[in-house]
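> My questions are about this predicted structure, shown below with the sequence.
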Amino acid sequence: MDAVRQLIIDRVNELGTDLKAASLAMGRNHAYLQQFISRGVPVELKERDRIALATFLRVEEGRLRPQQAERLNAEPQRSPKPERPKADVSYPMDVNWPTRKVPVYGQAAGGADDDGRFILNGNKVADVLILPGLEDVKDAYAVYVYGTSMVPAFKPGATVYVDPSRPIVAGDDVVVQVKMDEHEPPYGFVKEFVARRGGKLVLLQHNPPEGQDKTLTFPLDRVVAVHKVVGNVPR
C-alpha cells in the first residue's frame, strides 16, 4: 500500500471516524475512498478532493500528493528542544481556502424520540464556513446531527453540509424535512435514502432507538423536501 492510502487509513483511525464519513466530507459518494484504497480507483486524488480530504483529516494537503507523500509521511517527528523551541511557522499551501459561510438550520426538538429528529422550520441558528467544492452552490446549507440513530456514519454534533441541487439515488445520505402534524413545525431528519415507493418515502437509520426498525417511512404527502448530504465535519 502506498504512503497516501496508508496515511488516510491511519488518520481515519486516529480521529475515530471512518472512510464513509471522509468520503462524504469530500462531496463524494460514501464508497469513494474505500474504492480508492482497495481497488486503486482513481489512481490518485484530484486537487479538489485532496484539499477537502486534507481539511477533514487535519493534515497538510501535500501529504496527499503522490509526488511528496513518501518523503513527507516518512519524516520523523522530532520533539523541540526545551532550550530552543521551534518558531511557530505555518506550512505554505498553494490553495485558496473558502471564505464564504452558509447558514445552519434546525434546533433540538425537546421531548422527541431519539431518532435524530430536530425542528427544521427555516430558522437559522449559526453560520459556518463552507466546504471546498460548495462555494458556487447558491442554496447550500448545513444542519447539526442530533441523536445517535446514524452512528457510525454521523455522530451527534457533527455538521452536515447539504446541496439541494444534487440528484439523489439509493444509498445517498439525505436531510429530510417532514410535516408530521398540521399544528407543529416541520421536523428534519438525517438518514440514508432508500426509495420512494407505494406513496411513501423509505429511509434507513443505522442505529435506531429502542422500539424502532432500521427502516423508517413517511407518507410522501407529508414530505416537504429531500436534499442530498455532500459532506460533514465531526464535532
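In hand now; what should we look at? Residues are numbered from 1 along each chain as shown.
> can you pull out the strands in the chain?
For the chain, applying DSSP state E gives strands covering 101-108, 118-129, 141-144, 159-163, 173-178, 187-197, 200-204, 215-219, 223-233.
> Run the angle between the fifth one and strand 187-197 for me.
Between strand 173-178 and strand 187-197, the angle formed by their directions is 100 degrees, by axes from the mean of the first three to the mean of the last three CA atoms, to 10 degrees.
> what do you get for the last one?
Computed with the same axes, to 10 degrees, the direction of strand 223-233 lies at 110 degrees from that of strand 187-197.
> next one: the first one
Per the same axes, to 10 degrees, the angle that strand 101-108 makes with strand 187-197 is 90 degrees.
> Could you pull out the buried residues of strand 101-108?
Buried residues in strand 101-108, counted by 16 or more other CB atoms under 10 Å: Val102, Val104, Tyr105, Gly106, Gln107. Placement of C-beta: from N, CA and C, glycine included.
> JSON lines please, covering the strands of the chain and showing distance to Asn29 and mean pLDDT.
Conversion of the strands of the chain to JSON lines gives the following (distance: least, CB to CB, whole Å; pLDDT from 0 to 100):
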{"stretch": "strand 101-108", "distance to Asn29": "21", "mean pLDDT": "92"}
{"stretch": "strand 118-129", "distance to Asn29": "23", "mean pLDDT": "93"}
{"stretch": "strand 141-144", "distance to Asn29": "19", "mean pLDDT": "96"}
{"stretch": "strand 159-163", "distance to Asn29": "13", "mean pLDDT": "95"}
{"stretch": "strand 173-178", "distance to Asn29": "10", "mean pLDDT": "96"}
{"stretch": "strand 187-197", "distance to Asn29": "12", "mean pLDDT": "96"}
{"stretch": "strand 200-204", "distance to Asn29": "15", "mean pLDDT": "97"}
{"stretch": "strand 215-219", "distance to Asn29": "21", "mean pLDDT": "96"}
{"stretch": "strand 223-233", "distance to Asn29": "10", "mean pLDDT": "94"}
